[in-house]
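Novice: let's see this in three dimensions:
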Amino acid sequence: MAPRDGNGFVRCRCGHRHWGVHGAAGLLLLRDDLGAPHALLQLRAPWTHGGGTWALPGGARDSHEGWREAAYREAAEEVGLRTHALRAAGEFVDPHGPTDADWRYVTVLALASDDAGVHAANHETSDLAWVPLGDVAGWSLHPGLLATWPRIAPMALAACGAA
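Specialist: Residues are numbered from 1 along each chain as shown. Predicted coordinates for the structure are as follows:
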């Protein structure tokens, strides 16, 4: 139960290579105060897994963390997020096998009342953008986010009260 014991690549039951020995979590940070619902997207640095694509701040979950805890920690590290003012708004689970023991990526949805202090906080982040929810699918998304966005988008709209 050491910090960072989740770092490392694994192959899931589906045969894909993923970062996160104990799975991974990302934060879909939402704002509904910009005239329309927006999501925070992070341009992954070229050297990172999925580098050069737009994704959610996130990464490997450590063995002692819950999904929300891992997503919030990763977002604080990568984009300087102040997590104290967030309102949790749900989770989307992308399982890569039929059991809880199989690798999974959990997207944690949370609402922020302002920009929550986001900025490129470490070398994993090349850029950040608040993107209208209706435009997200048109960005050059990380393959995992691209595959799950059609199922996550309705949850995000509902969380913003725009469903």
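Novice: my read: residue 32 touches residue 157, true?
Specialist: No. Counting by Cβ atoms under 8 Å, residue 157 is not a contact partner of residue 32; they are 9.8 Å apart. Just so you know, the C-beta spots here come from the backbone N, C-alpha and C atoms, and that holds for glycine as well.
Novice: residue closest to the middle of the protein?
Specialist: Per Cα atoms, centre = their mean, the C-alpha nearest to the average position across the chain is that of residue 26, at 2.3 Å.
Novice: would you mark the buried spots in the helix ranked longest in the chain?
Specialist: If you go by DSSP state H, the chain has its longest helix at helix 143-159. Across helix 143-159, burial judged by 16 or more other Cβ atoms under 10 Å covers 144-146, 148-149, 152-153, 155-157, 159.
Novice: how about residues contacting that helix?
Specialist: Applying Cβ atoms under 8 Å, 6 or more residues apart in numbering, the external contacts of helix 143-159 come out as 26, 28, 30, 37, 39, 50, 53-56, 89-90, 92, 94, 105, 107, 109, 111, 133, 136-137, 141, 163.
Novice: send the alpha carbons of it over as CSV?
Specialist: Extracted C-alpha coordinates of helix 143-159, given in CSV (Å, rounded to 0.1, in the frame of the first residue of the first chain):
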residue,chain,number,x,y,z
PRO,A,143,-8.8,6.8,-28.2
GLY,A,144,-10.3,5.7,-24.8
LEU,A,145,-12.3,8.9,-24.4
LEU,A,146,-13.3,8.9,-28.1
ALA,A,147,-14.8,5.3,-27.6
THR,A,148,-16.7,6.2,-24.4
TRP,A,149,-17.8,9.8,-25.1
PRO,A,150,-21.1,8.8,-26.7
ARG,A,151,-22.0,7.1,-23.3
ILE,A,152,-20.5,9.8,-21.1
ALA,A,153,-21.9,12.8,-22.8
PRO,A,154,-25.6,12.3,-21.8
MET,A,155,-24.4,11.9,-18.1
ALA,A,156,-22.5,15.1,-18.4
LEU,A,157,-25.5,17.0,-19.8
ALA,A,158,-27.7,15.6,-17.1
ALA,A,159,-25.1,16.6,-14.4
